[in-house]
Each structure stands twice: as C-alpha cells, then as structure tokens.
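In: What would the 3D arrangement of this be:
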Amino acid sequence: MNRVIFVSLLFASTLIVLNAYAFEDRRTVELMMEGCRYQALKPAPVRDDEWTKAFTCRDALKIIVANGRIQPKFLASCVPDNVQDHDIARAVVQILDRNPERFKERFDLRATAALHEAWPCAN
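Out: Predicted structure coming up:
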C-alpha cells in the first residue's frame with residue numbers, strides 16, 4: 001500500500017514540475033510574439049488559432065499595463081486610458097523586434113520594459 005502511495009505522489013509531482021516548465025516556455029517572447037503581431041493587426045487574425053494567440057497576448061498585456069504604475073521607477077509605465085489594445089501591442093512588438101537575440105527571455109519582463117520605453121511615467 002505504501003508503495004502505491006509513493007508511486008502516485010512521485011507521478012503527481014513529476015506532472016506538476018513538467019507543467020511548470022511548459023508554462024514558462026509558453027511565456028517567452030519568442031512564443032508570444034506571433035500572437036502579439038496578430039493583436040497589433042499586422043497581419044490581422046483570421047483563423048481561430050490566430051485569434052486565440054492574439055487574445056493570449058492581449059490578456060498578458062492588460063495585466064502588464066494594469067501593473068505598470070506600481071513597478072519600480074526604472075520599469076514603471078503609464079499607458080493612457082484612451083490607448084487601444086492593438087496600439088499597445090504594436091508598440092511592444094516594435095520595441096521587442098529590435099532585440100531578437102532576447103526572444104528566449106520572459107515575455108512579461110521584456111514587455112514591461114517595452115511599455116516603460118513607450119509610455120514612461122512622469123516624475
């Protein structure tokens with residue numbers, strides 16, 4: 001009985017660790033950029049999978065924008081309320097495309113820095 005419990009726990013912990021790694025891989029700049037390009041409407045999404053990728057980027061950027069003002073001064077961004085989602089995505093794509101060698105890095109950190117560059121908070 002103890003052996004069955006041990007094997008079950010081992011299997012469950014392996015799944016949790018693998019799932020965590022898969023989540024991090026999904027959140028790299030490289031893997032998010034396609035969706036962000038669709039969100040920026042260049043090219044505009046047409047197929048369902050393109051819309052899904054665009055919405056994934058949009059949702060990630062909404063969180064980053066919402067947290068922009070509470071970031072440390074060197075990363076804080078103050079995106080005006082009247083800026084549309086596709087304009088935010090367009091700015092992030094343009095800035096991140098300048099450094100393709102950094103596409104393996106985390107999207108949330110790179111996008112935060114990009115938004116700071118595009119819309120820094122006033123001192």
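
In: Once you drop chain neighbours, what's closest to residue 114?
Out: residue 95 (3.9 Å; CB to CB, 6 or more residues apart in numbering). Where you see a C-beta, it was placed from the backbone N, CA and C, and this is true even at glycine.

In: Could you measure from that neighbour over to residue 3?
Out: Computed as CB to CB, to the nearest Å, the residue 95 to residue 3 distance reads 54 Å.

In: and the two? which has more neighbours close in?
Out: Per other CB atoms under 10 Å, whichever of residue 95 and residue 3 has more neighbours is residue 95, with 17 against 7.

In: Look up how far residue 80 lies from the more buried one.
Out: Going from residue 95 to residue 80 by CB to CB gives 17 Å.

In: go on, residue 48?
Out: Taking CB to CB as the measure, residue 48 falls 32 Å from residue 80.

In: do the same with residue 45
Out: Between residue 45 and residue 80 the computed distance is 25 Å (CB to CB).

In: Those two: who's more crowded?
Out: Higher neighbour count among residue 45 and residue 80: residue 45, with 17 against 6, using other CB under 10 Å.

In: The more buried one contacts residue 54, doesn't it?
Out: Yes. Between residue 45 and residue 54 there is a contact at 4.8 Å, judged by CB atoms under 8 Å.

In: which residues do the two both contact?
Out: Any residue near both residue 45 and residue 54 by CB atoms under 8 Å, 6 or more residues apart in numbering counts here, and that gives 38-39.

In: And residue 82, its phi and psi?
Out: Backbone torsions for residue 82, taken as degrees, to the nearest 10, come to phi -80, psi 0.

In: so how far is residue 113 from it?
Out: For residue 82, the distance to residue 113 - CB to CB - is 23 Å.

In: Just the pLDDT for residue 25.
Out: Residue 25 carries a pLDDT value of 45.

In: Do a quick rundown of the strands in this structure.
Out: Taking DSSP state E as the test, none of the chain falls into strands.
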